[in-house]
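Participant: I'll drop the sequence and a predicted model, then ask my questions.
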Amino acid sequence: MSRPTLQLNTLANGDIVRRTLAIASNTILNGNYGIQEHRCVALLATVCRKWEEHLRLCLHSTVILEYVSNERAVDDTWGKWLQNSLFRREARYLWMSNSGSVEYSSMQDYCKELRIVNKTGENTFEFASALFQIGFAVSLWPGIRSLRFVGSFVASSGGFDDSAAEAASALIAQCLPGLTAIDHASCAGYSSSHLTEVIDRLACHYLPQLQSLSLTGIYPQRQLRLSAEGLTKVEFDASAIADKIEPSCIPVTQLHTLRITNMTCAFPWRNFADTGSTHIEFTNLQRLELTFARNTSEPVPIGADLKRLQFPRLRHLHISRSFDAFTNFYSVFSPSSLDSFNALESMRHVEEIDTDIISSLTRLTLNTTKDTVALDPNWLAAIDRYLSTDSTVQNACIGGFPYAFTGAICWPGLKRLTLEVHSIDWQSVGHLLAQLPSLWYLEVWYNHLQPFCSQPERQTEGTAPLLRTTATPKPLSTSLQELIVYIDDPWTVALDMATLCSLISRLPSLLKVKVPEDTVAEMEDYVQTNSRAFDTQPTFLRATFAT
């Protein structure tokens, strides 16, 4: 009797194919995707009816209107997914949309976002007329909550006036009654000056229901405070208000998320305060992300305005290059009870970040840049100071320069650790593992051709003896289950196989190891030879470097 043929669609009651398609679609439709990426997922849906059912919500959750080269549109395989959304076929560029397929499938109520895209570099401000011509304005879209602009929206010479802005904003307001989020931040790096007036009108029209406003390069001219009690998320570019005498006040008490880019020491924090207030309290702010502009001037101490800031509920802090502007910016957040802390600073300033800021963390990301050719003499001591600070951190990512771990480590609850370094001292990794009783996941990225070089006295004691081969070596860790090693260029950067194999032999709890492809066979042979060192023989996988 022949055995029944297994079908992918029926394995685990269809759960395997459902999860696989979800992973594939989430990978393709990532970030500022457009019509081309949507098409790739649409082609997956043509495989069979079951796949179409799995991908239906994904394909119809976003209406995309994109300005593309006519060459990209000449392809019959778009088929029903684009319906009648193409026009101006004789033009060099045209607008393309998937709105026809959404309406054809009667999925308007399930659509959550309208995304308007122009990555061509060509000036255009015709998206309002394009929406009208593809029939978008014929229907109401009650489910759409988010409007996102991606790319450049600048009218051709003489093609913009107040009436054009009014028409565009009126059409959007008519079609999207439930809008709660406007995202212009995806236009970073593009010129979108003519969009300012449209965003301004929309922001005021949708208050007070607006909850999220993300801007880049533009800033509302009207006073948002008048009716913005629902606004909980704001993102904007500080350089956009540099030339404004009285920029719009940003509502402060209800904000949950605040992101500001291109910060300088002259940023007007007074715009968050009520007239006559003695302090500025971000009552409900939970996430704060500040990116400072590069500055060649000397940093200055924080002023009286920064000392007025209060963040009683702040849980997530992300700071980039604060020392380009201030000498002591982190003092604003001390004391704190943060859950996560993400910092990008110059190597020579790492030691100036107060270690108290990491005491209550569950997640830490600390990346550094090197402004000079020479390594700063204090950076190793600074890292040791962080590692020896009592902390509840459970997930950490440390990167940016070479490492040698030699001191005490007081992070007993650390479970996941990622090291993104130029070079690594594998011997000192053993010293690190021996002091992290809860660590089960270690990921190491490195790309430096030269071996680790540091002060000689730091490499002598406490590190090499940990990996010294003995008849019955003592385990370094009985909790580590997964080890991943990525190398930028395996052909030029040598992996210290002897030290790494010796390290692995003292990790009996290992279940999975990812190493460069050309080292997998050698590692497997080593584990086979020393199989008694492991509770369960680990599985080896090939790791490829990807940025």
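Facilitator: Right, received. Where do you want to start?

Participant: just the helices in the stretch 51-200 of the chain please.
Facilitator: If you assign secondary structure with DSSP state H, counting those that start in this stretch, the helices in the stretch 51-200 of the chain sit at 70-73, 99-104, 127-133, 162-175, 196-206.

Participant: do the chain as well
Facilitator: Taking DSSP state H as the test, the helices found in the chain are 15-28, 35-45, 49-59, 70-73, 99-104, 127-133, 162-175, 196-206, 304-307, 379-387, 426-433, 457-460, 497-504, 520-529.

Participant: what's the most buried one of the ones you listed?
Facilitator: By mean neighbour count, with neighbours taken as mean count of other C-beta atoms under 10 Å, helix 426-433 ranks first of the helices of the chain at a mean of 23. To be clear about C-beta, it is placed using only N, CA and C from the backbone, and glycine gets the same treatment.

Participant: kindly state the pLDDT recorded for the residue nearest to residue 92 when sequence neighbours are not counted?
Facilitator: Spatially, and ignoring its direct neighbours in sequence, residue 92 is nearest to residue 70 (5.8 Å; C-beta to C-beta, 6 or more residues apart in numbering). Per-residue confidence (pLDDT) for residue 70: 74.

Participant: sorry, back to before: need the helices of the stretch 51-200 of the chain in a markdown table (columns: distance to residue 28).
Facilitator: Formatted as a markdown table, the helices of the stretch 51-200 of the chain follow (distance: least, C-beta to C-beta, whole Å):
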| stretch | distance to residue 28 |
| --- | --- |
| helix 70-73 | 17 |
| helix 99-104 | 17 |
| helix 127-133 | 24 |
| helix 162-175 | 27 |
| helix 196-206 | 29 |
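
Participant: residue 440: which of the ones you listed is closest?
Facilitator: Each of the helices of the stretch 51-200 of the chain was checked against residue 440 via C-beta to C-beta, and the shortest separation belongs to helix 99-104, namely 43.8 Å.

Participant: next one: the closest one to chain centre, how far?
Facilitator: Between the mean C-alpha point of helix 99-104 and the mean C-alpha point of its chain there is a distance of 31 Å (C-alpha atoms, centre = their mean, to the nearest Å).

Participant: quick revisit: quickly, which of the helices of the stretch 51-200 of the chain bottoms out on average pLDDT?
Facilitator: Set side by side, the helices of the stretch 51-200 of the chain show their lowest mean pLDDT on helix 70-73, which sits at a mean of 64.

Participant: relative to residue 136, how far out is residue 234?
Facilitator: 28 Å (C-beta to C-beta, to the nearest Å).

Participant: which one's more surrounded, these two?
Facilitator: residue 136 (24 against 21; other C-beta atoms under 10 Å).

Participant: how about that one, nearest residue that isn't a chain neighbour?
Facilitator: Closest residue to residue 136 apart from its sequence neighbours, by C-beta to C-beta, 6+ apart: residue 99 at 5.2 Å.

Participant: show me the contacts for the one you found.
Facilitator: 63, 65, 85, 134, 135, 136 (C-beta atoms under 8 Å, 6 or more residues apart in numbering).

Participant: what's the ChimeraX line that selects buried ones from these?
Facilitator: If you want just the buried ones from those in ChimeraX, going by 16 or more other C-beta atoms under 10 Å, the selection is:
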select :63,65,85,134,136
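
Participant: any idea which helix or strand in this protein has the lowest mean pLDDT?
Facilitator: For the chain, counting by mean pLDDT, DSSP states H and E, helix 457-460 ranks last in confidence among helices and strands (a mean of 40).

Participant: pLDDT weak spots in the stretch 101-250 of the chain?
Facilitator: Applying pLDDT under 70 to the stretch 101-250 of the chain flags residues 155-161, 186-194, 216-229, 242-249.

Participant: let me see the confidence value for residue 28.
Facilitator: At residue 28, the model reports a pLDDT of 82.

Participant: any idea how far it is from residue 54?
Facilitator: Distance, residue 28 to residue 54, using C-beta to C-beta: 14 Å.

Participant: can you check residue 381 too?
Facilitator: 54 Å.

Participant: again, but for residue 397
Facilitator: 33 Å.

Participant: next, count neighbours for the nearest residue to residue 176 once chain neighbours are set aside.
Facilitator: Beyond its immediate neighbours in the sequence, the residue positioned closest to residue 176 (C-beta to C-beta, 6+ apart) is residue 144, lying 5.0 Å away. Other residues near residue 144 come to 24 when the count uses other C-beta under 10 Å.

Participant: was I right about residue 144 contacting residue 111?
Facilitator: Yes. Counting by C-beta atoms under 8 Å, residue 111 is a contact partner of residue 144 at 5.6 Å.

Participant: common neighbours of these two, please.
Facilitator: When contacts are counted by C-beta under 8 Å, 6+ apart, residue 144 and residue 111 are jointly contacted by residue 63.

Participant: spit out the contact partners of residue 318.
Facilitator: Contact analysis of residue 318 by C-beta under 8 Å, 6+ apart lists 287, 288, 289, 290, 341, 342, 343.

Participant: just the pLDDT for it.
Facilitator: If you check residue 318, the pLDDT there is 96.

Participant: does it have beta-bridge partners, and which?
Facilitator: Residue 318 has these beta-bridge partners by DSSP bridges: residue 289, residue 342.

Participant: and if you look at residue 416?
Facilitator: Under the criterion used here (DSSP bridges), residue 416 is bridged to residue 395, residue 441.

Participant: now do the residue nearest to residue 541 when sequence neighbours are not counted against residue 441, distance only.
Facilitator: Spatial nearest neighbour of residue 541, chain neighbours left out: residue 514 (4.6 Å); criterion: C-beta to C-beta, 6+ apart. From residue 514 across to residue 441, the span is 11 Å (C-beta to C-beta).

Participant: sorry, back to before: any chance of the helices of the chain in a markdown table, plus distance to residue 184?
Facilitator: Listed next are these as a markdown table, based on distance: least, C-beta to C-beta, whole Å:
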| stretch | distance to residue 184 |
| --- | --- |
| helix 15-28 | 24 |
| helix 35-45 | 20 |
| helix 49-59 | 25 |
| helix 70-73 | 25 |
| helix 99-104 | 21 |
| helix 127-133 | 13 |
| helix 162-175 | 13 |
| helix 196-206 | 6 |
| helix 304-307 | 27 |
| helix 379-387 | 37 |
| helix 426-433 | 44 |
| helix 457-460 | 49 |
| helix 497-504 | 48 |
| helix 520-529 | 47 |
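
Participant: so what's the residue count around the closest residue to residue 531 other than its chain neighbours?
Facilitator: Across the structure, with C-beta to C-beta, 6+ apart as the measure, the residue nearest residue 531 apart from its sequence neighbours is residue 537 (5.9 Å). Number of residues near residue 537 (other C-beta under 10 Å) recorded here: 13.

Participant: I'd say residue 537 and residue 524 touch.
Facilitator: No. The pair residue 537 and residue 524 does not pass the contact test of C-beta under 8 Å, sitting 9.3 Å apart.

Participant: can you tell me how far residue 38 sits from residue 205?
Facilitator: Between residue 38 and residue 205 the distance is 28 Å, computed by C-beta to C-beta.

Participant: for residue 305, that is, sorry about that
Facilitator: 32 Å.
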